[in-house]
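K.L.:
sequence and predicted structure are below.
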Amino acid sequence: MQKLSANTRVQHQLFVVFALFLLSGCGDSGQNPLLLIGLDGATFDVIDPLIQRGKLPNLAGLMDRGARARLQSRKPMWSPCLWTTIATGKSRRKHGIVDFELQLNPSSPPVIANSNFRRTAALWNMVTSMERTTTFVGWWATYPAEKVNGFISSDHVPHTRFQEWMSVPQREEFLETYPRNLASEIGPLIARPQDISRDELLTLADFEEEELAELCNAEKPTLYHGFSVLRYAFQSEKTNHNIASYLLANKPQPDLTGLFLGGIDPTSHCFWQFREPDRLQEGEVSPADAERLGGVIDNYYEHVDQLLGELLEKVAPETNILIVSDHGFRSSGRLTVPERSQSGIHEENGILIAAGPAIKKSASIHDPSVLDITPTVLALLSLPVGDDMDGRVLKELMTPSFLSSNPIQLIESYDVTFHKERRETLSAGESRYRELLKELGYLGENRPDGSE
């Protein structure tokens, strides 16, 4: 018998799995959609006390009818790396997003992490390759937006602090979304940092007039400067929520929706000293400031819970829901000082909250990791899981009836199809990235085969 090449074996495997998938009836419109929400830096250490006080009704409702667990992060806990791991099921060594800024070679300047540096398929690629629909909004390192069976509003659509701090390579607005004309459609939904209102700010704390002026007048975000960072974080999160709400309300709900909400992280970095002043030396935080500003972080969680509630009203009732964070937070024991130090630092335990028809109520989930999210999402969509993924399917999260009707299927990898698409779907308007992709190995004889 003739031995098939690795590429041919994987393509054949994909074809067989997809054919069985269609014949089983799992591919019809009755398949439950899934909503994946990323809350950057969310921790149960803040969530649980707020729920006990009745302050987070939407998160509480999901946990009451579903399951929860602390989600283990991976060090070093840097957002672009972790959110790419969450979306690929692979370590940063495999997926290639290893820092906030990356460079092609020693002679080229570093640029903010972007999708051109990713070496493996992400959830939006996987779902598209199986002819299912997807929408992703605001997810880290999704610019330039890739071709998908649905919509992508990349992380460069909102005005983020990172775009002010880091170099953006040859930024073009028409690459910020897929399809390209989506950019003009969602343009009015983009919240500008300078448009933040006093009323919005006063929902977070009893800011003094000088503080409000500092918040409203900051022209650029300054590292570890709470007021300017909060301004950008609030408005970029507002943008992503606006766009996700619009797409859910005006387009057919896709099989998989992904949304990134990033405001908890910078708020926690800068305002933790007021939430836990006793973690610092006596007298470093005045009692008056702790009284006024000690609720900023908790109030921000309440704000996010309200955003979540608005989104839940727009999805079908049979939707399975996963809410995850890339890490948690704790006190650094230091004051927040612009350009020097931050009072809140990353902690290794993030959150996993799951609810929906396929989710086992009060399930006991065994040591889940950020590596496990992609395999679990695929299984909940009744799609095959890549055997080359570093994570596992959290089967204990799922009901016995779902597992019996949707047995876990494996394929060797999604990456062969991913690399093929990378080579074949470059449009004329993206030709400026050909040399970049060639240096990364996606073009020519030295393209990667998925191995490390």
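P.N.:
Sure, I can see it.
K.L.:
where does pLDDT dip in the protein?
P.N.:
When residues are selected by pLDDT under 70, those of the chain lie in 1-30, 104, 160-174, 423-452.
K.L.:
repeat the analysis, applying 80 as the threshold.
P.N.:
Low-confidence segments of the chain, defined by pLDDT under 80: 1-30, 103-109, 159-174, 194, 214-226, 228, 420-452.
K.L.:
host element of residue 211?
P.N.:
Element membership for residue 211, per DSSP states H and E: helix 209-217.
K.L.:
buried set for the next helix or strand after that helix?
P.N.:
Remark: after helix 209-217, the chain's next helix or strand is helix 226-250, criterion DSSP H and E. Taking 16 or more other Cβ atoms under 10 Å as the neighbour-count basis, helix 226-250 is seen to contain the buried residues 226-248. Glycine gets a C-beta too; all of them are placed from N, C-alpha and C.
K.L.:
wait, residue 85 sits on residue 73?
P.N.:
No - using Cβ atoms under 8 Å, residue 85 and residue 73 do not qualify as a contacting pair, with a distance of 9.2 Å.
K.L.:
give me the common contacts of those two.
P.N.:
Here residue 85 and residue 73 share the contacting residues residue 370, scored by Cβ atoms under 8 Å, 6 or more residues apart in numbering.
K.L.:
higher neighbour count, those two?
P.N.:
Per other Cβ atoms under 10 Å, whichever of residue 85 and residue 73 has more neighbours is residue 85, with 25 against 21.
K.L.:
report how many residues lie close to the residue lying closest to residue 332 once chain neighbours are set aside.
P.N.:
With Cβ to Cβ, 6 or more residues apart in numbering as the criterion, residue 332 has its nearest non-adjacent residue at 4.4 Å, and that residue is residue 345. Here the neighbour count serves as a burial measure; for residue 345 (other Cβ under 10 Å) it reads 17.
K.L.:
ok, the helix or strand harbouring residue 345: who's next to it in the sheet?
P.N.:
When secondary structure is defined by DSSP H and E, residue 345 falls within strand 344-347. Based on DSSP bridges, the pairing partners of strand 344-347 within the sheet are strand 328-331 (antiparallel).
K.L.:
how far does the helix holding residue 211 sit from the chain's center?
P.N.:
30 Å (Cα atoms, centre = their mean, to the nearest Å).
K.L.:
show me what counts as buried in it.
P.N.:
By neighbour count on 16+ other Cβ under 10 Å, the buried set for helix 209-217 is 211, 214, 215, 216.
K.L.:
any chance of those in a markdown table, with distance to residue 361 too?
P.N.:
Rendered in a markdown table, the data for the buried residues of helix 209-217 read as follows (distance: Cβ to Cβ, whole Å):
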| residue | distance to residue 361 |
| --- | --- |
| 211 | 44 |
| 214 | 46 |
| 215 | 42 |
| 216 | 45 |
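K.L.:
return the closest of those residues with respect to residue 130.
P.N.:
Ranking those by separation from residue 130, with Cβ to Cβ as the measure, puts residue 215 on top at 45.4 Å.
K.L.:
element containing residue 281, please.
P.N.:
Assigned by DSSP H and E, residue 281 belongs to neither a helix nor a strand.
K.L.:
from residue 330, how far off is it?
P.N.:
17 Å (Cβ to Cβ, to the nearest Å).
K.L.:
likewise for residue 57?
P.N.:
Going from residue 57 to residue 330 by Cβ to Cβ gives 26 Å.
K.L.:
same deal with residue 147?
P.N.:
With distances defined as Cβ to Cβ, the gap from residue 147 to residue 330 amounts to 41 Å.
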